[in-house]
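Q: 3D, please:
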Amino acid sequence: MIEKLFKLNENKTNVKTEILAGITTFMTMAYILAVNPSMLSASGMDTTAVLMATCLASFIGTAVMALMANYPFALAPGMGLNAYFAYTVCGAMGYDWRVALLAVFVEGIVFIVLSLTNVREAVFNAIPSSLKKGVSAGIGLFIAFVGLQGAHIIVDSTSTLLTYVSFASNFHTEGICALLALIGLMITAILHIKNVNGSILIGILATWIIGILCQAIGIYTVDIENGFYSLYPAFALTDFSAIGQTFGQCFQVDFSNVSIANFIVILLAFLFVDMFDTIGTLVGVATKANMLDKDEKLPRIKQALLADAIATSAGAILGTSTTTTFVESSAGVGAGARTGLSAMTTGILFLAAIFFAPIFTAIPSFATAPALIFVGFLMVSAILNVNFDDASEAIPAYLCMLAMPLAYSISEGIAIGVISYVIINLCCGKANKITPLMYVLSILFICKYIFL
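A: Numbering: from 1, shown residues only. Below you'll find the predicted structure:
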């Protein structure tokens with residue numbers, strides 16, 4: 001049954017590898033169970049309701065991805081998109097969270113239509129091979145940067161914007177977190193070099209266990225006010241009735257205070273960011289897993305994009321921001337994931353998290369940081385496949401790779417890559433390499449910077 005559904009032999013993998021990789025993906029994504037409710041609560045939404053919606057939307061999207069596309073890509077409410085939801089639409093613009101949920105729901109419907117009509121697939125296929133390699137490498141740098149920040153290894157600085165952590169100051173909170181993350185990174189790297197299966201997952205668990213021991217003997221100190229929580233897993237259950245506070249609320253919008261023009265602006269912003277975050281993630285993770293065919297296309301991409309769109313609309317109905325394919329799927333790919341069995345494992349764990357959410361949310365960011373940093377190393381190697389003898393190909397790939405961590409956005413990296421690719425090749429007499437859709441994309445990106 002499992003072989004028939006997921007074609008393990010065809011993809012040169014096995015049940016044990018896929019399940020371990022699925023657990024690894026979940027462990028690197030589990031932070032969303034804590035971050036998303038906290039972030040969306042700023043818009044006035046109930047945190048427990050958002051937590052349940054997050055779990056359910058992640059399960060639905062990931063299960064659809066597994067069964068329809070047979071890819072090891074996991075989905076959850078996207079970072080960046082939830083920040084835009086809470087702090088821009090509901091914060092700066094002052095709209096009720098129900099309006100934002102409706103915009104997310106409509107976005108999902110639009111994407112379902114675009115996925116069925118091959119528009120999103122055409123966008124994916126229009127991106128040149130060199131840019132796809134740049135996207136993969138850029139995502140590697142981006143998630144490594146996220147890991148470095150999550151572990152407090154890289155911290156804010158008034159003089160240089162960012163700097164390396166001072167281990168001596170605040171050692172029992174920030175300093176020990178950074179040190180534990182570096183220890184976990186070394187554990188993960190050594191196990192990987194020694195070809196130990198599940199090295200990334202072992203690294204996460206080992207780092208967390210060492211952290212628990214540090215808390216037990218007083219080296220790590222709980223400081224809730226500054227975001228350093230207890231590392232002990234909490235054994236408590238979720239209030240299931242809370243989901244009623246957000247379920248279906250996207251259809252309860254009072255349009256008396258919302259103009260159609262402003263609603264369209266909100267919708268377009270969600271559309272732009274989600275489309276290119278998803279495409280960028282699919283390009284990057286699929287490239288690293290060698291899933292692209294000889295024409296640099298991803299087989300069954302229509303099903304993958306459709307799963308993403310279905311999850312977005314389902315998530316809006318349940319009560320969460322845009323659900324999208326997660327770049328942390330690359331952690332599972334790095335651990336050997338190649339089929340939907342890995343994704344299904346991740347999805348089931350998200351479903352189980354409804355019952356044991358307090359346990360999963362106890363996994364600290366410094367424990368998942370080594371996985372993100374190490375997978376960043378695995379992904380950045382894609383840049384080696386770019387032809388650096390052809391600067392018209394290499395420079396846009398480089399700019400794309402550079403922009404993602406610095407702009408803290410996958411979609412911004414793609415935008416800069418596409419625009420620079422078109423301009424450089426057009427001005428250097430190589431217009432024959434540029435597809436019509438690349439022209440369209442570059443114009444759309446430029447308009448986005450002007451009007452949005």
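Q: Please enumerate the strands of the stretch 101-250 of the chain.
A: 154-157, 161-164 (DSSP state E, counting those that start in this stretch).
Q: Could you check how far the spatially most central residue of the chain is from residue 228?
A: Nearest residue to the geometric centre of the chain (CA atoms, centre = their mean): residue 326, 3.0 Å. Distance of residue 326 to residue 228, given as CB to CB, to the nearest Å: 25 Å. Heads up, the C-betas are built off the backbone N, CA and C, glycines and all.
Q: Show me the shaky parts of the protein.
A: Within the chain, the stretches with pLDDT under 70 are 80, 360-361, 452.
Q: for the closest residue to residue 135 other than its chain neighbours, helix, strand, or coil?
A: Excluding the flanking residues, the one nearest residue 135 by CB to CB, 6 or more residues apart in numbering is residue 283, at 4.6 Å. Classification of residue 283 by DSSP: H, G, I helix; E, B strand; the rest coil places it in helix.
Q: From residue 73, how far out is residue 283?
A: 12 Å.
Q: Look at these two and report which has more neighbours.
A: residue 73 (32 against 28; other CB atoms under 10 Å).
Q: Let's verify that one: helix, strand, or coil?
A: Per three-state DSSP, residue 73 ends up coil.
Q: So it sits against residue 282, correct?
A: Yes: when contacts are counted by CB atoms under 8 Å, residue 73 is listed as touching residue 282 (7.1 Å).
Q: what's the overlap in contacts for those two?
A: Common contacts of residue 73 and residue 282 (CB atoms under 8 Å, 6 or more residues apart in numbering): 304, 325.
Q: circling back to that earlier point, for the residue nearest to the centre of the chain, which phi and psi angles does the backbone take?
A: phi -90, psi 140 (degrees, to the nearest 10).
Q: May I ask you to confirm that it is in contact with residue 281?
A: Yes: counting by CB under 8 Å, residue 281 is a contact partner of residue 326 at 7.0 Å.
Q: Between the two, which contacts overlap?
A: residue 73.
Q: mind listing what the nearest residue to residue 131 once chain neighbours are set aside touches?
A: Closest residue in space to residue 131, ignoring its immediate chain neighbours: residue 417 at 5.0 Å, by CB to CB, 6+ apart. Shown in contact with residue 417 (CB under 8 Å, 6+ apart): 131, 134, 135, 396, 397, 399, 400, 403.
Q: which stretches of the stretch 301-450 of the chain form strands?
A: 323-325.
Q: Okay, helices next: where are they in the stretch 301-450 of the chain?
A: 301-318, 329-334, 340-360, 365-380, 391-407, 410-427, 436-451 (DSSP state H, counting those that start in this stretch).
Q: meant to ask about the stretch 1-150 of the chain
A: 2-6, 15-29, 32-40, 47-64, 81-83, 97-116, 119-126, 129-150.
Q: Export those to TSV and append columns for mean neighbour count.
A: TSV is the format used below for the helices of the stretch 1-150 of the chain (neighbours: other CB atoms under 10 Å):
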stretch	mean neighbour count
helix 2-6	14
helix 15-29	25
helix 32-40	23
helix 47-64	26
helix 81-83	21
helix 97-116	22
helix 119-126	19
helix 129-150	26
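Q: how about the ones you listed, which one is nearest residue 239?
A: helix 47-64 (5.3 Å; CB to CB).
Q: Now do that closest one against helix 32-40, angle only.
A: Going by axes from the mean of the first three to the mean of the last three CA atoms, to 10 degrees, helix 47-64 is angled at 130 degrees with respect to helix 32-40.
Q: Which strands or helices does helix 47-64 pack on?
A: helix 32-40, strand 75-77, helix 301-318, strand 323-325, helix 340-360 (3 or more CB pairs under 8 Å, 6 or more residues apart in numbering; DSSP states H and E).
Q: Would you check that the residue nearest to residue 135 makes contact with residue 137?
A: No: between residue 283 and residue 137 there is no contact under CB under 8 Å: 10.9 Å.
Q: hmm, back to that, TSV for the helices of the stretch 1-150 of the chain, including distance to residue 233?
A: Output for the helices of the stretch 1-150 of the chain, formatted as TSV (distance: least, CB to CB, whole Å):
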stretch	distance to residue 233
helix 2-6	30
helix 15-29	13
helix 32-40	13
helix 47-64	16
helix 81-83	25
helix 97-116	30
helix 119-126	40
helix 129-150	19
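Q: closest one to residue 345 among those helices?
A: Nearest to residue 345, of the helices of the stretch 1-150 of the chain and by CB to CB, is helix 15-29 at 2.7 Å.
Q: relative to helix 32-40, how tilted is the closest one?
A: Using the same axes, to 10 degrees: helix 15-29 against helix 32-40 is 30 degrees.
Q: so who does residue 442 touch?
A: 418, 419, 421, 422, 423.
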